[in-house]
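Asker: Below: sequence and its predicted model.
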Amino acid sequence: MEVVQLLQFIGVDWPMINEDTVREVAGYVQEFADNIRQAHQDATDTIQKMGSAYQGASYDRLVERWAQMSSSHMTELVDGCKVVVEALHAAADFIVAQKGVAIAELVVLAASFIADQAAAVATFGLAEAALAAIELAARKAIEFLEQQLEQYILSQVIELGFKALQPIIQRALDGFVFQAASAALGVPSGAGGAVGQGFQVVADELRSHAQVLHSHADTVASHAQVLTGKLTGVSFA
């Protein structure tokens, strides 16, 4: 109560950077990573199913390219999300710790503030100078706390986390859509059947798989849009 009274007296608000909001954002990013991982697995399953409808060099290239992407773009994306999630949880812990340090300092100042208020009454204002010094120290403690929290969020979460993740997400999306388009381009317009040695197509079935693969690409894009929408509405205050 003394700390609240002190802050009210000097007209300084307690920093509203909220550690719970930071952890909530970490949950958004983790959910995005989980959704991307599932969509990627679904797409991998679809490509494997294509093998029953399409056998040939272009299908082999698609499988090979997809395997390469799995070990590059998607792995990079999931790992990038993990880095951001860990950075956000670390930021939340940092916020809690720094607030604890500030509260400890303010408790000492508040005790002095209450004592000097009483002394000022008893001595008809002779302790006013001490009160002014306490108020100044409290302001500086709050300002320092705000600066520490803002700088940490900016450098460790925004700069090293989200800004680094943005191009990774775009590369993964570009790769995913490219693969879906490649599969669609491989769908022949004629009827199914065997064409030459080692080449076999069941056209209708292959078209169906290609459409499903396109839907997986759309799903990945929608997950990115959902994450962007959630982050746009976030305020750490």
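Answerer: Everything's here; your move.
Asker: I'd say Gly175 and Gln68 touch.
Answerer: No - applying Cβ atoms under 8 Å, one finds Gly175 not in contact with Gln68, separated by 9.2 Å. Where you see a C-beta, it was placed from the backbone N, CA and C, and this is true even at glycine.
Asker: as a whole number, average confidence for stretch 102-118?
Answerer: For stretch 102-118, the mean pLDDT works out to 74.
Asker: Which stretches in this structure count as strands?
Answerer: Applying DSSP state E to the chain gives strands spanning 54-55, 193-194, 200-201.
Asker: lowest-confidence helix or strand of this protein?
Answerer: strand 193-194 (a mean of 40; mean pLDDT, DSSP states H and E).
Asker: how close does the spatially most central residue of the chain get to Cys81?
Answerer: Nearest to the mean C-alpha position of the chain, by Cα atoms, centre = their mean, lies Val29 at 3.7 Å. Val29 is 5 Å from Cys81, where distance means Cβ to Cβ, to the nearest Å.
Asker: ok, now Ala92?
Answerer: Taken as Cβ to Cβ, the span from Ala92 to Cys81 is 17 Å.
Asker: between the two, which one's more packed in?
Answerer: More crowded of Ala92 and Cys81, by other Cβ atoms under 10 Å: Cys81, with 24 against 20.
Asker: Without its sequence neighbours, what residue ends up closest to Val78?
Answerer: Nearest non-adjacent residue to Val78, counting by Cβ to Cβ, 6 or more residues apart in numbering: Ala33, 5.4 Å away.
Asker: Now do the one you found, the pLDDT please.
Answerer: pLDDT recorded at Ala33 is 92.
Asker: Surely it is in contact with Val85?
Answerer: Yes - counting by Cβ under 8 Å, Ala33 sits close enough to Val85 to count as a contact (7.4 Å).
Asker: My guess is Ala43 contacts His216. True?
Answerer: Yes - assessed by Cβ under 8 Å, Ala43 is found in contact with His216 at 4.1 Å.
Asker: Looking at those two, which is more packed in?
Answerer: Neighbour comparison, Ala43 and His216: the larger count goes to Ala43, with 26 against 22 (by other Cβ under 10 Å).
Asker: Now do the more buried one against Tyr59, distance only.
Answerer: 15 Å.
Asker: hang on, the earlier thing: between Val29 and Cys81, what contacts are shared?
Answerer: Common neighbours of Val29 and Cys81, using Cβ atoms under 8 Å, 6 or more residues apart in numbering, are Leu165.
Asker: Any stretches of this protein with poor pLDDT?
Answerer: Along the chain, segments meeting pLDDT under 70 span 1-13, 71, 114-131, 176-203, 206, 236-237.
Asker: Mind doing that once more with 50?
Answerer: The model of the chain has pLDDT under 50 over residues 1, 126, 185, 187-198.
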